[in-house]
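Colleague: How does the following fold in three dimensions:
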Amino acid sequence: MTNGKLRLGPLPKTASVKMTFMCPASLKADLDRYAALHGRTYGETVDAAALIPHMLATFMERDRGFKATGAHR
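Modeller: Presented below is the predicted three-dimensional model:
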């Protein structure tokens with residue numbers, strides 16, 4: 001376990017829609033490392049694919065330009 005918290009906290013349970021996307025191998029490796037760290041931090045095994053929607057949602061929630069358009073929920 002780490003002493004600090006990750007920007008992405010424990011994952012909430014949500015309904016999902018399947019999407020497929022491609023990314024560079026280096027990004028996939030980083031996502032896998034982040035997933036491993038997330039699992040150690042919060043005591044729950046998670047794979048990179050499960051993290052991606054939560055990372056994107058967090059990014060969009062904090063994007064001031066996106067919020068300024070009024071397009072967010």
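Colleague: Need the distance between the two termini of stretch 56-66.
Modeller: Stretch 56-66 stretches 13 Å from its first residue to its last (Cα to Cα, to the nearest Å).
Colleague: and Arg62, how many neighbours?
Modeller: 10 (other Cβ atoms under 10 Å). In short, each C-beta sits where N, CA and C put it, glycine included.
Colleague: Hmm, I typed the wrong one, I wanted Ala48.
Modeller: Other residues close to Ala48 by other Cβ under 10 Å number 19.
Colleague: which residues touch it?
Modeller: Counting by Cβ atoms under 8 Å, 6 or more residues apart in numbering, Ala48 touches 28, 31-32, 34-35.
Colleague: Excluding chain neighbours, what is closest to it?
Modeller: Nearest residue to Ala48, sequence neighbours excluded (Cβ to Cβ, 6 or more residues apart in numbering): Leu31, at 3.6 Å.
Colleague: can the contacts of Ala48 go into a markdown table with extra columns for neighbour count?
Modeller: Below are the contacts of Ala48 laid out as a markdown table (neighbours: other Cβ atoms under 10 Å):
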| residue | neighbour count |
| --- | --- |
| Lys28 | 13 |
| Leu31 | 17 |
| Asp32 | 13 |
| Tyr34 | 17 |
| Ala35 | 18 |
